[in-house]
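Enquirer: Here is my input, please return the structure:
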Amino acid sequence: MSQVRKGTAHRATTGEWESITPSCLQTYVSALRLDTLDKLWHLAQKTNAGVFEGRGRVIQGDVLELLPTIQADVAYFDPPYSGVMSYEKEYRVIDQLLEGTTRPTSPFTAKDGALMIDALLERATHIPIGVLSFGNAVASLDELEGKMARLGRVTKAIAIRYQHLPAIATEEKKETNREYLLIGVDPRTTLPIRFEGARGEVAV
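Expert: Now for the predicted structure:
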């Protein structure tokens with residue numbers, strides 16, 4: 001419901017509920033119950049509970065250039081999913097309003113964007129544990145797992161059912177959408193990690 005485009009949101013402010021499309025109406029009605037100070041404060045506390053002690057560093061740059069310079073035990077990759085909505089296009093008007101500029105579309109978003117995963121994983125072979133989340137629009141779970149296994153990683157992969165943009169997604173999309181979560185571990189690592197059901201002969 002955060003897409004920046006004309007729609008029926010303004011009708012909720014004028015009370016024209018009957019003219020709001022059914023797919024959006026439920027979200028707007030729910031928002032009336034959720035967008036209160038108490039509810040928002042509760043969500044803020046839950047979000048803050050996910051912050052733990054330590055030091056953090058924020059870097060802005062090309063991930064493929066930066067990865068070889070980053071020393072870490074675990075790398076979590078959540079690149080833009082291939083073959084779906086491009087954030088750069090969807091929020092272009094926000095960039096224009098706030099910064100007076102537009103951004104090029106990420107190559108990960110293209111229909112062949114899954115090819116970028118190979119370069120991503122290859123640049124992170126010095127990091128013992130790699131975790132990747134990706135959508136199923138153009139890539140299969142076996143295909144993505146093969147990319148990790150090709151680099152000698154012991155792997156585990158699961159498919160998680162989820163709804164992407166439920167207010168506007170078709171029933172078919174709601175039924176078939178999956179998010180893939182993959183873990184790849186360098187069998188030479190001395191880190192104390194173990195998971196069951198891994199593909200490969202090395203127990204980690």
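Enquirer: Kindly format the C-alpha coordinates of the helix-or-strand element of the chain with minimal mean pLDDT as PDB.
Expert: In the chain, the helix or strand scored least confidently by mean pLDDT, DSSP states H and E is helix 171-176, which has a mean of 72. Extracted in PDB, the C-alpha atoms of helix 171-176 (Å, rounded to 0.1, in the frame of the first residue of the first chain):
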ATOM      1  CA  GLU A 171      -5.000 -15.000  -6.300                       C
ATOM      2  CA  GLU A 172      -2.500 -17.000  -8.400                       C
ATOM      3  CA  LYS A 173       0.400 -14.900  -7.200                       C
ATOM      4  CA  LYS A 174      -0.700 -15.200  -3.600                       C
ATOM      5  CA  GLU A 175      -0.800 -19.000  -3.900                       C
ATOM      6  CA  THR A 176       2.600 -19.400  -5.700                       C
END
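Enquirer: how many neighbours does residue 75 have?
Expert: Residues near residue 75, counting by other CB atoms under 10 Å, number 19. C-betas here are computed from N, CA, C, even on glycine.
Enquirer: give the contact list for it.
Expert: Residues near residue 75 by CB atoms under 8 Å, 6 or more residues apart in numbering: 67, 124, 127, 129, 130, 131.
Enquirer: If we use 7 Å, what do you get?
Expert: 124, 127, 130 (CB atoms under 7 Å, 6 or more residues apart in numbering).
Enquirer: got JSON lines for those, with distance to residue 106 and pLDDT too?
Expert: Converted to JSON lines, the contacts of residue 75 look like this (distance: CB to CB, whole Å; pLDDT from 0 to 100):
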{"residue": "124", "distance to residue 106": "18", "pLDDT": "95"}
{"residue": "127", "distance to residue 106": "22", "pLDDT": "95"}
{"residue": "130", "distance to residue 106": "20", "pLDDT": "94"}
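Enquirer: In JSON lines, list these along with secondary structure.
Expert: Compiled in JSON lines, these are given as follows (DSSP: H, G, I helix; E, B strand; the rest coil):
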{"residue": "124", "secondary structure": "coil"}
{"residue": "127", "secondary structure": "coil"}
{"residue": "130", "secondary structure": "strand"}
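Enquirer: What is the nearest of these to residue 32?
Expert: The nearest member of the contacts of residue 75 to residue 32, counting by CB to CB, is residue 130 at 42.4 Å.
Enquirer: If you count neighbours, what's buried in stretch 78-88?
Expert: By 16 or more other CB atoms under 10 Å, the buried positions in stretch 78-88 come out as 79, 80, 81, 82, 84, 86.
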